[in-house]
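J.: what's the 3D shape of this:
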Amino acid sequence: MSSERTEVQVRPGVESDLDALTDIYNHYVRETPITFDTAVFSPEERRPWLLSHPEDGPHRLMVAEERDSEGTSQRTQRILGYATSSPHRPKAAYATSVEVTIYLAPDAGGRGVGTLLYKALFEALAGEDLHRAYAGIAQPNEASVRLHERFGFRYVGTYREVGRKFGRYWDVAWYEKEL
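T.: Numbers count the residues shown, from 1 in each chain. Sure thing, here's the model as predicted:
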């Protein structure tokens with residue numbers, strides 16, 4: 001057994017993260033109804049998405065990475081997941097609302113990574129001119145519901161059978177949080 005210790009750090013996402021972030025997202029495209037995208041993306045196709053989340057402003061990208069914490073130097077081992085705040089809707093009156101989401105590497109769940117990501121995201125958004133955050137959770141997804149409720153989101157309603165993927169229809173439960 002290795003004595004090497006690791007820690008998780010959260011930081012703003014950067015362009016060099018694009019390949020790893022695309023790999024994480026594509027897992028959910030291929031394997032789950034969590035996203036309603038049905039075709040995988042190349043990193044180049046995902047670049048506009050990444051660039052739409054600068055290090056400041058209301059639309060952020062926070063990345064959790066696992067780092068080797070032995071000794072004095074730290075090197076990134078891998079990206080465990082990411083959280084974003086994105087425009088809720090494109091019309092100007094929605095500018096003070098964001099939609100938030102988290103995607104974790106398939107083996108990173110249950111380790112508190114989602115909690116670290118949302119904590120960092122909401123701290124980063126605290127000084128922004130924002131009023132509400134919204135999250136759409138494809139059902140069933142109890143882990144995501146628990147995470148959002150832990151951060152003060154409250155259930156506001158369900159779009160029934162709103163998306164079709166893998167030959168069936170899926171509900172999306174919507175949650176909101178005051179910012």
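J.: now the strands for the protein?
T.: 6-12, 61-68, 76-87, 97-104, 132-138, 154-165, 168-178 (DSSP state E).
J.: so which of those is nearest residue 25?
T.: Counting by Cβ to Cβ, residue 25 lies closest to strand 97-104 out of the strands of the chain; the figure is 5.8 Å. Yep, even glycine has a C-beta here, placed from its N, CA and C like the rest.
J.: what comes into contact with the closest one?
T.: Residues outside strand 97-104 that contact it (Cβ atoms under 8 Å, 6 or more residues apart in numbering): 24-25, 28, 34, 58-59, 80-89, 113-114, 117-118, 121, 125, 130-136, 144, 147, 179.
J.: hmm, 7 Å instead?
T.: Residues from elsewhere that reach strand 97-104, judged by Cβ atoms under 7 Å, 6 or more residues apart in numbering: 24-25, 28, 58-59, 80-88, 113-114, 117-118, 121, 130-135.
J.: give me the most central residue, the chain.
T.: By Cα atoms, centre = their mean, the chain has its centre lying nearest to residue 102, at 2.0 Å.
J.: contacting residues around the closest residue to residue 108 other than its chain neighbours?
T.: Excluding its sequence neighbours, the residue lying closest to residue 108 (Cβ to Cβ, 6 or more residues apart in numbering) is residue 80, at 4.2 Å. Residue 80 makes contact with 8, 64, 65, 66, 104, 105, 108, 113, according to Cβ under 7 Å, 6+ apart.
J.: for the strands of the chain, give me a markdown table that also has distance to residue 45.
T.: As requested, the strands of the chain are exported to a markdown table (distance: least, Cβ to Cβ, whole Å):
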| stretch | distance to residue 45 |
| --- | --- |
| strand 6-12 | 21 |
| strand 61-68 | 16 |
| strand 76-87 | 16 |
| strand 97-104 | 16 |
| strand 132-138 | 22 |
| strand 154-165 | 19 |
| strand 168-178 | 24 |
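J.: roughly how far apart are the residue nearest to residue 164 when sequence neighbours are not counted and residue 138?
T.: Nearest residue to residue 164, sequence neighbours excluded (Cβ to Cβ, 6+ apart): residue 170, at 7.4 Å. Computed as Cβ to Cβ, to the nearest Å, the residue 170 to residue 138 distance reads 5 Å.
J.: mutual contacts of those two, please.
T.: residue 33.
J.: what pairs with residue 78 across the strands?
T.: Note on residue 78: beta-bridge partners residue 66, judged by DSSP bridges.
J.: and for it, the neighbour number?
T.: Neighbour count for residue 78, taken as other Cβ atoms under 10 Å: 12.
J.: ok, it - contacts?
T.: 20, 65, 66.
J.: how much space between it and residue 38?
T.: Distance, residue 78 to residue 38, using Cβ to Cβ: 26 Å.
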